[in-house]
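J.: Okay, sequence plus prediction incoming.
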Amino acid sequence: MARSGLAPQEPPEDGRAARCRVAPCSFTRIVISPMVCFVLGLVAMSYLPLVVWREITSALDVLHLAVFHTLLALLLASYFMTVCVDPGVPPEWWLVREAQTGNPQQLRVCQKSDTLKPPRAHYCAVTRRLVLNMDHFCPWVDNTVGYYNRKFFILFLFYACITCLYAAAALYMDGSLDMVRSAERETLGTATIRLMAMMVDVSLGVALVFFAFFHVSMAARNETTIESCGLADPRYNLGAEANLEQVFGRSKWLWLIPVYGVGPVGDGLHWPTRAAGVDESSRVLSDARSDDSV
């Protein structure tokens with residue numbers, strides 16, 4: 001039977017989530033990934049006209065820089081946490097325990113990885129491993145979005161949306177003021193970069209509004225992207241607050257902060273249900289479609 005992609009891990013105490021884990025080769029992925037470099041390039045396109053070329057002439061300019069850098073810091077922190085945090089795989093201790101004590105008629109085996117399969121886990125065809133509560137593989141972050149990094153992915157969408165729209169509005173206002181008071185300082189090159197940055201920010205900002213809303217609404221229903229394609233089990237919907245705690249954690253003060261904290265509620269292996277209020281870690285769902293890879 002195939003082995004887990006993570007080192008052996010003991011069961012979490014008192015039902016708490018496992019410690020935050022960093023995916024193998026994360027820093028290498030950051031350096032060599034073309035998509036990571038592309039995202040940083042998009043950030044630089046807006047950063048140049050909004051910060052580097054900007055003249056500080058009033059308190060409003062200082063306030064603008066403070067707001068923009070705060071949003072940018074939250075955006076980049078969310079992005080790199082999504083890139084670096086391992087989404088989670090079935091730990092070795094769980095595989096051994098289930099193989100030794102589980103009911104053979106109830107154990108589920110992933111046909112592609114030949115690994116015992118917890119509820120709501122799916123095989124990622126890109127990383128070639130079974131991922132806990134897999135949502136999808138995202139090329140923008142060059143990582144699978146799953147149980148342990150889904151919070152950071154949603155925060156990345158949220159802050160990317162806000163930052164893009166804020167940057168677009170600021171670029172438009174700066175361009176209008178420059179045309180009135182200091183058009184002679186605007187070269188063709190800087191004007192072109194400003195216009196391109198504003199168009200990109202508007203396009204991404206509008207698109208991300210819908211994308212962020214889609215993922216937040218799925219989290220509120222306790223669904224993943226895979227499950228939304230006809231695989232969702234309504235029994236896992238415990239109500240919006242409890243559902244969001246399984247993604248963002250129990251402390252609501254940390255929901256919008258891209259830090260791990262104590263992690264999401266649960267362990268990614270056992271999922272309470274609305275009907276019985278107990279986990280179904282070894283329940284066999286009659287619908288075998290959940291074995292499909294993404």
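T.: Structure received. What you are looking at is a predicted structure, and each value in this text was computed from that prediction instead of being measured. Residues are numbered from 1 along each chain as shown.

J.: Got the phi and psi for the closest residue to residue 77 other than its chain neighbours?
T.: In space, and not counting its chain neighbours, residue 77 is closest to residue 258: 4.2 Å by C-beta to C-beta, 6 or more residues apart in numbering. Quick note: C-beta positions are derived from backbone N, CA and C, even for glycine. Residue 258 adopts backbone torsions of phi -80, psi 60, taken as degrees, to the nearest 10.

J.: Looks like residue 258 contacts residue 73 (just checking).
T.: No: in this structure, residue 258 is not within contact of residue 73 by C-beta atoms under 8 Å, at 9.2 Å.

J.: Looking at these two, which is more packed in?
T.: For residue 258 versus residue 73, the count of surrounding residues by other C-beta atoms under 10 Å is larger for residue 258: 20 against 13.

J.: Let me know the pLDDT of the more buried one.
T.: Here the pLDDT value assigned to residue 258 is 96.

J.: contacting residues for the most centrally placed residue in the chain?
T.: Taking C-alpha atoms, centre = their mean, the centroid of the chain lies closest to residue 153, which sits 1.4 Å from it. Listed by C-beta atoms under 8 Å, 6 or more residues apart in numbering, the contact partners of residue 153 are 78, 82, 135, 138, 141, 145, 215.

J.: Pull out the buried positions in the helix or strand harbouring residue 82.
T.: For residue 82, the host element (DSSP states H and E) is helix 59-84. Of the residues in helix 59-84, 64, 68, 71-72, 74-84 count as buried by neighbour count, 16 or more other C-beta atoms under 10 Å.

J.: Give me the below-cutoff pLDDT ranges for the stretch 151-294 of the chain.
T.: 175-186, 275-294 (pLDDT under 70).

J.: hmm, 90 instead?
T.: Scanning the stretch 151-294 of the chain for pLDDT under 90 picks out the ranges 172-194, 228-234, 260-263, 274-294.

J.: Show me where it has its helices.
T.: Ranges of helices within the stretch 151-294 of the chain are 188-220, 240-248, based on DSSP state H, counting those that start in this stretch.

J.: Tell me which of those helices lies nearest to residue 97.
T.: For the helices of the stretch 151-294 of the chain, the distance to residue 97 is smallest for helix 240-248, at 22.3 Å, taking C-beta to C-beta.

J.: for that closest one, packing partners?
T.: Here helix 240-248 touches helix 150-181, helix 188-220, going by 3 or more C-beta pairs under 8 Å, 6 or more residues apart in numbering; DSSP states H and E.
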